[in-house]
Structures are given as structure tokens and as C-alpha cells.
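# Dropping the sequence and predicted coords here.
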Amino acid sequence: MGEVGLVLCLEASRLSRTDHDWCRLLELCPLFDTLIADADSVYDVSTLDAQLVLGIKATMSVAELKVLPQRMQQGMEAKARRGELVRLLPPGYVRDAGGQIVKDPDQRVQQAIEQVFRLFRQTRSIRQTCLWFQRRTLELPVNKRQGATTRLVWQLPSKQFIGSLLHNPCYAGAYVWGQRPTPWVVVEGKVTKRTATWQRPEDCRVFIPDHHEGYIDWATFEDNRRIMHHNVTKTDPDEAVGAVRAGKAL
């Protein structure tokens, strides 16, 4: 209707960086001699100077969106390369007064974790290890986060939980960061994050062997990983590959 002479706004530069409606407004204002004002200045977007000022401010605001997360990511990676970035320790480990990763001083916790690795070396099967605990109704320690704190609870183990213990390189004294990267991918025309598959500890962005005291050595961890890989028959077409049952392997 040609009756608007001034549009008041907050932080015009931030609106300019991504908002499509704001860009449309900038196109309409010159047609009706309408000014734009924020806390810093009054802009006549029909002039080249005002367009340049808003454009530069918008570019700086866009850079902020890129620079701040990038700096945070670099800070996290720097902390991880020092072996200090740990969100939730696996059961069996705690932090001492100096912030170092050490075995849980509770002997019951230590013995329970050691029993898992000892049984797997005997049975050579995640399922049989899990059944051993379930048949005897023996519980294993689990670290559960409750808000900003972590609480140790005891519960009957599942196959998934036993597998997570055996696959965790932390129990072999290694520090690993970035084992499941989250790359950006395009799905049905939309850019989204997708969690990738687990990587070998040696292939991760940060891998520090002998970082802390382990429940097993690295050679045993690799041998356990090899056994678990061969127990999954879907990964190999050979019928003889897999956990010992009553088939061709015997």
C-alpha cells in the first residue's frame, strides 16, 4: 500500500545470513522507498553503500556459524589427542583425583569384568559367556548416566552388553576417539548426519596404546576380536567358519 516508511529490526546482519523472508524484504524496500533500521544504524537499501554494509555484516555472521563449531571441534580433538576426552567410562574404570583413568577400586567390579574375559577365552563364544551369567543369575556392573552424574548399577547381562565389553579397546589399555564418525550425507534431497559403522581402533582419528592399565593385553584383545569375527558366519561363505556346533567344523 506504500504506507510503510521504516522497518525496525534487531540484529539485521544475523537476519541477512539465511532468512529468505528477510531477503525478500530487502528486495521490496527499494521499490517503496522504505528504510531499515537496527540498533546500529539506519539503512537505505536502495543505495549501494547500505547494501554493501548489510552484505558484509551478513558474511561475518555466516562466518561465525562456521568458525565457532570448528573451534569447538578442534578443541575436542586436541583434548582427545592428549587422551583426556572421555564422556562416559566403561564399567570397571573410574577417574582418580588427578583425572587419570584407573581400574575401579571396588574388587567386586574388577572380578566381574575379569570373569567376562576369562569365560570368553574358555567358551570362545559371546552367547555361551552370556548364558553362563544368566543361568547363575550373576549380575554385571553397568555405568548409567543420570543427568550430570554417573551411577554404577548391577544387572543381568545381555549378549549385546557382553559383546560391547569384548569389543571395547579401553579394556586393553588403549584410548580411542572417533571410532564411529558421523559424516554429512544427502538423503532424499536433505543434508543430514549419518552414523558410520565401527572402525578398527588402529584406524581411528586418535589411537593411543598403553594409555592406562588394561584388564587384558592388546594381543589378547586382537585374538578375541578375530574369534568374534569368525563366529559370525554371515561374514564368510565357508560353512566351516563359525562357532563350534555340530556341523562341518567338527
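In hand now; what should we look at? Numbering: from 1, shown residues only.
# Show me what the top helix by length along the chain is packed against.
For the chain, the longest helix by residue count, based on DSSP state H, is helix 48-81. In this structure, helix 48-81 packs against helix 12-18, strand 42-43, strand 175-177, strand 206-208, with contacts taken as 3 or more CB pairs under 8 Å, 6 or more residues apart in numbering; DSSP states H and E. Yep, even glycine has a C-beta here, placed from its N, CA and C like the rest.
# Let me see the ranges of the strands in this protein.
Along the chain, the stretches classed as strands by DSSP state E are 6-8, 35-37, 42-43, 93-95, 101-103, 140-146, 149-155, 175-177, 184-187, 190-193, 206-208.
# Quick one: closest of those to L15.
Nearest of the strands of the chain to L15, taken as CB to CB: strand 35-37 at 9.8 Å.
# Can you spell out which helices and strands pack onto that closest one?
Checking 3+ CB pairs under 8 Å, 6+ apart, strand 35-37 ends up next to strand 6-8, strand 42-43.
# So A37 versus C29, what's the distance?
11 Å (CB to CB, to the nearest Å).
# what touches both of these two?
Counting by CB atoms under 8 Å, 6 or more residues apart in numbering, the contacts common to A37 and C29 are V7.
# helices and strands of the chain: which one has the lowest mean pLDDT?
helix 12-18 (a mean of 67; mean pLDDT, DSSP states H and E).
# What ranges in this structure fall below the confidence cut-off?
For the chain, applying pLDDT under 70 flags the ranges 13-14, 16-19, 233-250.
# Got the domain ranges for it?
Following the assignment in automatic domain parsing, the chain carries domains at 6-81, 87-169+209-250, 175-208.
# Pull up the distance across the first one, start to finish.
Translated: domain 6-81. 53 Å (CA to CA, to the nearest Å).
# sorry, back to before: any chance of the domains of the chain in a markdown table with mean neighbour count as columns?
Formatted as a markdown table, these follow (neighbours: other CB atoms under 10 Å):
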| stretch | mean neighbour count |
| --- | --- |
| domain 6-81 | 14 |
| domain 87-169+209-250 | 14 |
| domain 175-208 | 13 |
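# and the end-to-end length of stretch 134-144?
Chord length of stretch 134-144, first to last residue, is 21 Å (CA to CA).
# Centre of the chain to it, how far?
Here stretch 134-144 is found 26 Å from its chain centre; the criterion is CA atoms, centre = their mean, to the nearest Å.
# who's in contact with that stretch?
Among residues not part of stretch 134-144, those counted as contacts by CB under 8 Å, 6+ apart are 88-92, 104, 108-109, 112-113, 116, 133, 150-157, 161.
# how about 7 Å then?
Residues outside stretch 134-144 that contact it (CB atoms under 7 Å, 6 or more residues apart in numbering): 88-92, 109, 112, 116, 133, 150-157.
# Using CSV, write down the CA coordinates of stretch 177-189.
C-alpha atoms of stretch 177-189 as CSV (Å, rounded to 0.1, in the frame of the first residue of the first chain):
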residue,chain,number,x,y,z
TRP,A,177,38.4,-41.4,19.8
GLY,A,178,36.4,-41.2,16.7
GLN,A,179,35.5,-44.9,16.4
ARG,A,180,32.1,-44.1,14.9
PRO,A,181,32.4,-41.0,12.7
THR,A,182,29.2,-39.0,11.7
PRO,A,183,29.7,-37.7,8.2
TRP,A,184,27.2,-35.4,6.4
VAL,A,185,25.2,-37.2,3.7
VAL,A,186,22.4,-36.3,1.3
VAL,A,187,19.3,-38.5,1.9
GLU,A,188,16.2,-37.8,-0.3
GLY,A,189,17.5,-34.4,-1.1
